[in-house]
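Asks: dropping the sequence and predicted coords here.
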Number of protein chains: 2
Amino acid sequence: MDDVKTPVRKRFKTETVSGIVGYRLRRAQMHIFQQFNLHFAEFDLRPAEFSVLALIADNPGSKQTEIAHALGIKRANFVALINGLEARGFTERRLPAGDRRSHALFLTSLGKEMMTRLRKTQSEFEARWVTRLGGPEARDQLLALLDRLVAKD
Amino acid sequence: MDDVKTPVRKRFKTETVSGIVGYRLRRAQMHIFQQFNLHFAEFDLRPAEFSVLALIADNPGSKQTEIAHALGIKRANFVALINGLEARGFTERRLPAGDRRSHALFLTSLGKEMMTRLRKTQSEFEARWVTRLGGPEARDQLLALLDRLVAKD
DNA sequence: CGCAGATTGTTATATAGTAGAACATTCTTC
DNA sequence: GAAGAATGTTCTACTATATAACAATCTGCG
């Protein structure tokens, strides 16, 4: 993060890249993730970890594959992620009755407490972006535009 | 990429994460970058490499630090990037008269040819997203919204 | 001038994130 | 019961990012 101090010295032409949707998307995403890590510093939690906890909270008993797939994470890469959350006592794997291959994921009571605190912090964090965008309508508009980018047709 | 085949089996609650601006931004950005790599496969060029070539083309003679900073890349990480482009014969470092510390970056003639081809491919690629978004106005709207997210105030 | 501090490029290193292949176990289907 | 699919896992590789340290060079100030 040496972005802060550097003043622009010369006239610099950035029109070519700054007109590219993918480029601008990436810059915005990087910025929000950096701010996320600052805002959630006390929790020592990465965005991906937050999303996993949130999804387990909303879908207790889901299989690893289901959570991973919903988040666009490969099964193989999900293992280390969930291992980390389990090692910190936030989640647990239970063996479901039906299928002995799969692991059903749940938040522990500690995980639920954490999630309660996270939701609060997340609300504050999200509010910042909604304000910047110009209100809930602008936010909805942004989400709708992003939706068109990932649409399957 | 095992996203394609998997049908949704169960009712899955994703409202929590899908309402988060940063999450949606990341998913959209990942999708566009994956498509970029497919669309530019014949060039074997990553998005970051493309942006470096484009910026040098628009600002010949710039210092490494200037290009890196404009793209939000750390000086240290830029070295390997520019080494790669130089090794492929697209760019060159020249020693400017004034400052013997810095390296002035230029496209080689091969780099310029490459850039001409890249611009064409990029135009096609960009047009796809503009179409998806619903036209140039929608694109401008998206860029304006993204701008608000990274605004310094 | 001469020196302190800043700038530039570089190396080295550490950490995440992503991707693909392969495997054992278990389930499903026919 | 056998063939094939699903699930979790390990291993490996590659890309991206971040920080610290360093040598060479430049700048500014006393």
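Replies: Done, it's in. The shown structure was predicted, so the numbers you read here are calculated from the model rather than taken from an experiment.

Asks: need the residues that contact the lengthiest helix in chain A.
Replies: Secondary structure of chain A read by DSSP state H shows that its longest helix is helix A:109-133. Helix A:109-133 has contacts (C-beta atoms under 8 Å, 6 or more residues apart in numbering or on different chains) with A:32, A:35-36, A:39-40, A:43, A:45, A:50, A:53-54, A:56-57, A:85, A:89-91, A:107, A:136, A:138-139, A:142, B:19-22, B:145, B:148-149, B:151. Placement of C-beta: from N, CA and C, glycine included.

Asks: now intersect those residues with the helices, please.
Replies: A:32, A:35-36, A:39, A:50, A:53-54, A:56-57, A:85, A:136, A:138-139, A:142, B:21-22, B:145, B:148-149.

Asks: what subset of those is also close to DNA strand C?
Replies: Among the ones in helices among the contacts of helix A:109-133, not one lies near DNA strand C by C-beta under 7 Å from any atom of the strand.

Asks: okay, buried residues for stretch A:79-96 please.
Replies: Buried residues in stretch A:79-96, counted by 16 or more other C-beta atoms under 10 Å in any protein chain shown: A:81-82, A:85, A:90-92.

Asks: which of these lies closest to DNA strand C?
Replies: A:L81 (6.7 Å; C-beta to the nearest atom of the strand).

Asks: contacts only, for the closest one.
Replies: A:48-49, A:52, A:73 are the contacts of A:L81 under C-beta under 8 Å, 6+ apart.

Asks: quick check, it in a helix?
Replies: Yes. With DSSP: H, G, I helix; E, B strand; the rest coil as the criterion, A:L81 is part of a helix.

Asks: ok, for the residue nearest the centre of chain A, nearest residue in space, not its chain neighbours?
Replies: A centroid search over chain A (C-alpha atoms, centre = their mean) returns A:P47, at 3.8 Å, as the residue closest to the centre. With C-beta to C-beta, 6 or more residues apart in numbering or on different chains as the measure, A:F36 is the residue that lies nearest to A:P47, at 5.4 Å, once sequence neighbours are left out.

Asks: doesn't A:L45 make contact with that neighbour?
Replies: No. With contacts counted by C-beta atoms under 8 Å, A:F36 stays clear of A:L45, the gap being 9.1 Å.

Asks: which stretches of chain A have low pLDDT?
Replies: Counting by pLDDT under 70, chain A contains low-confidence ranges at A:1-10.

Asks: that one against DNA strand C: which residues are in contact?
Replies: A:46-48, A:72-74, A:76-77, A:81, A:98-101.

Asks: out of the residues you listed, who's near DNA strand D?
Replies: A:76, A:99, A:101.

Asks: how about the last one, secondary structure?
Replies: Think A:R101. coil.

Asks: please list all residues in contact with it.
Replies: Applying C-beta under 8 Å, 6+ apart, no residues contact A:R101.

Asks: what about it, distance to chain B?
Replies: Distance from A:R101 to chain B, counting by C-beta to the nearest C-beta, to the nearest Å: 15 Å.

Asks: what does that residue show for phi and psi?
Replies: phi -80, psi -40 (degrees, to the nearest 10).

Asks: who's in contact with A:F33?
Replies: Applying C-beta under 8 Å, 6+ apart, the residues near A:F33 are A:47, B:22, B:26.

Asks: show me which of those residues is closest to DNA strand D.
Replies: B:R26 (12.0 Å).

Asks: the helix or strand hosting the closest one vs DNA strand D: in contact?
Replies: Here B:R26, judged by DSSP states H and E, is contained in helix B:21-39. No. For helix B:21-39, no contact with DNA strand D is found by C-beta under 7 Å from any atom of the strand; the gap never falls below 8.4 Å.

Asks: where's that helix relative to the chain centroid, distance-wise?
Replies: Centre-to-centre, helix B:21-39 and its host chain are 11 Å apart (C-alpha atoms, centre = their mean, to the nearest Å).

Asks: of all the residues in it, which ones are buried?
Replies: Buried residues in helix B:21-39 (16+ other C-beta under 10 Å): B:21-29, B:31-33, B:35-36.

Asks: ok, stretch A:126-133 next?
Replies: Buried residues in stretch A:126-133 (16+ other C-beta under 10 Å): A:129-130, A:132-133.

Asks: including distance to B:T65, could these go into JSON lines?
Replies: As requested, the buried residues of stretch A:126-133 are exported to JSON lines (distance: C-beta to C-beta, whole Å):
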{"residue": "A:W129", "distance to B:T65": "30"}
{"residue": "A:V130", "distance to B:T65": "35"}
{"residue": "A:R132", "distance to B:T65": "29"}
{"residue": "A:L133", "distance to B:T65": "32"}
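
Asks: going by distance to DNA strand C, which of those residues wins?
Replies: A:W129 (19.0 Å).

Asks: state the distance from the closest one to A:R139.
Replies: A:W129 is 7 Å from A:R139, where distance means C-beta to C-beta, to the nearest Å.
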